[in-house]
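K.L.:
coords please:
(chains A and B)
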Amino acid sequence: ETGVTQTPRHLVMGMTNKKSLKCEQHLGHNAMYWYKQSAKKPLELMFVYSLEERVENNSVPSRFSPECPNSSHLFLHLHTLQPEDSALYLCASSQDMIRKGWDGYTFGSGTRLTVV
Amino acid sequence: KNEVEQSPQNLTAQEGEFITINCSYSVGISALHWLQQHPGGGIVSLFMLSSGKKKHGRLIATINIQEKHSSLHITASHPRDSAVYICAVYSNSGYALNFGKGTSLLVTP
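P.N.:
Numbers count the residues shown, from 1 in each chain, chains lettered A, B, ... in the order given. Model prediction:
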């Protein structure tokens, strides 16, 4: 267990469903991230939150909607997804956005999402 | 074109072999990381480098800032080393990591 917990670990959803991914950390980190990992592609940064405020949205389609109610929790709400959205969705947290070292940068184990 | 390129994409080795994975990047960076991802999905950090060379057990990482190139070496490889190895960089202008596609390593007994 890394200190960043993601649920569920696996999710299968239809294209008309609405579901949410959850990420939780109690490391005292102030920044949280959503990454998408598709087969044969590098990890893609989707969203960045710092102190519960969204600071980056990397041209992600609106069918992905993040929410950060507090510094310990991050959600990714999903609706009307496409089969090409099937991927591993990884949450990460770091001490803050300014420090550029791995120290404190922690990944969760991910949610394996399959859209059918 | 991705800012971080890794080679090879896939690598199979026999137990005991010396392994090298390469990473090239095209931006100015403040730090480079070598990461390991096991089939369960979780990612852990192996090294953070900004210059020179680091060694941890059977793993050695080197970086050449002028050539924008880093290598990860595994000596006396073992089946438990089988994983995906990912190179990631902090660019001087960004605050999130840029990742390579990863190198999938399989070490057979």
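
K.L.:
Enumerate the residues of chain B near chain A.
P.N.:
Chain B comes close to chain A at residues B:2, B:4, B:30-31, B:33, B:40-45, B:48, B:86, B:88, B:90, B:95-102, as judged by C-beta under 8 Å from any C-beta of the partner chain. C-beta: built from backbone N, CA, C; applies to glycine.

K.L.:
just the buried members of the residues you listed?
P.N.:
Among the residues of chain B next to chain A, the ones that count as buried by 16 or more other C-beta atoms under 10 Å in any protein chain shown are B:4, B:31, B:33, B:41-43, B:45, B:48, B:86, B:88, B:90, B:95-102.

K.L.:
In strands only, show me these.
P.N.:
Among those, the members falling in strands (DSSP state E) are B:4, B:31, B:33, B:43, B:45, B:48, B:86, B:88, B:90, B:98, B:99.

K.L.:
quick one: is the least confident helix or strand in chain A by mean pLDDT near chain B?
P.N.:
Least confident helix or strand of chain A, by mean pLDDT, DSSP states H and E, is strand A:53-57 with a mean of 77. Yes: applying C-beta under 8 Å from any C-beta, one finds strand A:53-57 in contact with chain B at residue A:56.

K.L.:
Would you list the strands that that strand pairs with, along with their directions?
P.N.:
Sheet partners assigned to strand A:53-57 using DSSP bridges are listed as strand A:44-50 (antiparallel).

K.L.:
For the spatially closest residue to residue A:21 that is not a sequence neighbour, which residues are in contact?
P.N.:
Leaving aside its sequence neighbours, residue A:21 sits nearest to residue A:76 (C-beta to C-beta, 6 or more residues apart in numbering or on different chains; 4.3 Å). Going by C-beta atoms under 8 Å, 6 or more residues apart in numbering or on different chains, residue A:76 touches A:20, A:21, A:23, A:34, A:46, A:47, A:64, A:65, A:66, A:67, A:89.

K.L.:
Number of residues surrounding residue B:17?
P.N.:
14 (other C-beta atoms under 10 Å in any protein chain shown).
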